[in-house]
Structures are given as structure tokens and as C-alpha cells.
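Novice: Below are the sequence and a predicted model for it; my questions follow.
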Amino acid sequence: MSGWKKVRGLFWQPGEAEAGGAAPAGDAISDEEFAALLATSEHAVAPDAADPVDPATVTVSATADGAVMIDFQAQYDAAAIPDTDEVEQLEGFLNRLDASLPKASKIAAAEAFLGAIGKDKAAVMLDAERKIKRVHGLLQATEADTRAALATEQSAIDQLLQQIDAHKQRMEDLNRHLEGVRRACLVEESRLQAARVFFGSVTPAAKG
């Protein structure tokens, strides 16, 4: 199960109204649309709340089908986020519940579970907030790093295009020069050939 389908299946019932009264439109919703839906909640962490991240510290790999994988835990460790994993513990618990349970029952069960392990919903929300800020910082740093790299590549392309234009101009100049030489040689050859043809047509006088 991928993206929003997994998250939605854990945290609420399909078709249940979300923040703002809107409900996801079944399988038609994309990961991006789902993220935008979550961002409308008053409990969402704003994108401008971010921890600074050095792009060089981001470990990225790819699956066989080309999907990008990021070692987020390494980023959480780098941000000194307490390794208490409230969000992950809650996810693990919800994953073991009957998926058909109504949201109210899931919340009640989750609160009981958190109490049993000495946590509460505030701890989950704080853990999620800290990690979201790191995720925001990772994305923003990568975007800035990528923009700079793209600008460098575009500059290199512009320089190459200028060099290509210069080479094309040089080729045009060489072709014009060659055509001029051909024309001059044709005129000179014609002058000389004319002399040969003119005198070649004269029959030598017979000797008496």
C-alpha cells in the first residue's frame, strides 16, 4: 500500500469528512492532492516552519522502479529529535486494529494505547511537528540546491550555444571564402582556356 492510501487507511475511514468538510475522492486523489488536503487542517505545520538542512547530508537512493527513497531517520537523528517515535508507535498500533472500525473507536483505542505506554496525543503531535519541520527543511534545502545546480547547467548550455554559434559563423565564413576562391579560379581558368582554345583552332601553315 503506498502514499496516501496507507495513511488514510490508518487514520480515518474512507469517505469520512476531513478538515474543512471535504472528503478525498476515492482512488482518484494523488499523493500531492492528499498532502494539500491535510495542509488545510488547523493542526497542520506550516511549510515555512523548517529546520535548516545541508543537502549534502541527505541520503537518497532509488528502487528498481525508479522511486526515490530517503533516509528520513538519519535526518531526525541529525536534528536531535528524541528517539521516542511516538508517531511510529501510534502507526504500528493502528495498523493492528480492524480497518473497519469507525474513527471515534480508533481514537479511543489509540488514546488508551498511548496511556498504557506513558504517552498522550500531545506527545504524538509534538513528535510529528518536529519531524515535519525537518522534512520541510530537507525539501527546501534540496529545492535551493537544485535551483543553483540548474542555473549552473543552464549557464554551461548558454556558453556552449555561444560556442556553437561561433563555430557555425566560422563555417559560413569558410564556405564563403571557398566559394570566392572557386569563382576567382573559374574566371582565371576560363581566361587561360580561352587562349588555348583560340590558338588551338589555328591549323599550322604547310611548309613549301
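Specialist: Thanks, I have it.

Novice: Off-centre distance for stretch 116-133?
Specialist: 30 Å (Cα atoms, centre = their mean, to the nearest Å).

Novice: Tell me the buried residues in it?
Specialist: K119, A123, V124, L126, D127, E129, R130, K131, I132, K133 (16 or more other Cβ atoms under 10 Å). The C-beta positions use only the backbone N, C-alpha and C, and glycine is treated the same way.

Novice: any low-confidence regions in this protein?
Specialist: 1-29, 202-208 (pLDDT under 70).

Novice: Which strands and helices lie in contact with the longest helix seen in it?
Specialist: In the chain, with assignment by DSSP state H, the single longest helix is helix 121-200. The helices and strands touching helix 121-200, judged by 3 or more Cβ pairs under 8 Å, 6 or more residues apart in numbering; DSSP states H and E, are helix 72-78, helix 86-95, helix 103-116.

Novice: Dump the ones you listed to a markdown table, plus distance to L178.
Specialist: Supplementary listing: those in a markdown table, determined by distance: least, Cβ to Cβ, whole Å:
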| stretch | distance to L178 |
| --- | --- |
| helix 72-78 | 63 |
| helix 86-95 | 74 |
| helix 103-116 | 82 |
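
Novice: how about those, which one is nearest I157?
Specialist: helix 72-78 (32.6 Å; Cβ to Cβ).

Novice: Residues in contact with that closest one: which ones?
Specialist: V53, T57, V58, T59, D83, R130, K131, R134, V135, L138 (Cβ atoms under 8 Å, 6 or more residues apart in numbering).

Novice: let's go with 7 Å and repeat that
Specialist: Applying Cβ atoms under 7 Å, 6 or more residues apart in numbering, the contact partners of helix 72-78 are V53, T57, T59, K131, R134, V135, L138.

Novice: Could you do stretch 141-160 as well?
Specialist: Contacts for stretch 141-160 (Cβ under 7 Å, 6+ apart): V53, D54, P55, V58.

Novice: Most widely separated two among those?
Specialist: Maximum distance among the contacts of stretch 141-160 (Cβ to Cβ): 7.9 Å, for D54 and V58.

Novice: out of the two, which sits in the more crowded spot?
Specialist: V58 (18 against 11; other Cβ atoms under 10 Å).

Novice: Provide a list of residues in contact with the more buried one.
Specialist: The contact partners of V58, by Cβ under 7 Å, 6+ apart, come to I70, L138, T142.

Novice: what's the domain layout of this structure?
Specialist: Domain assignment for the chain by automatic domain parsing gives 1-44, 46-157.
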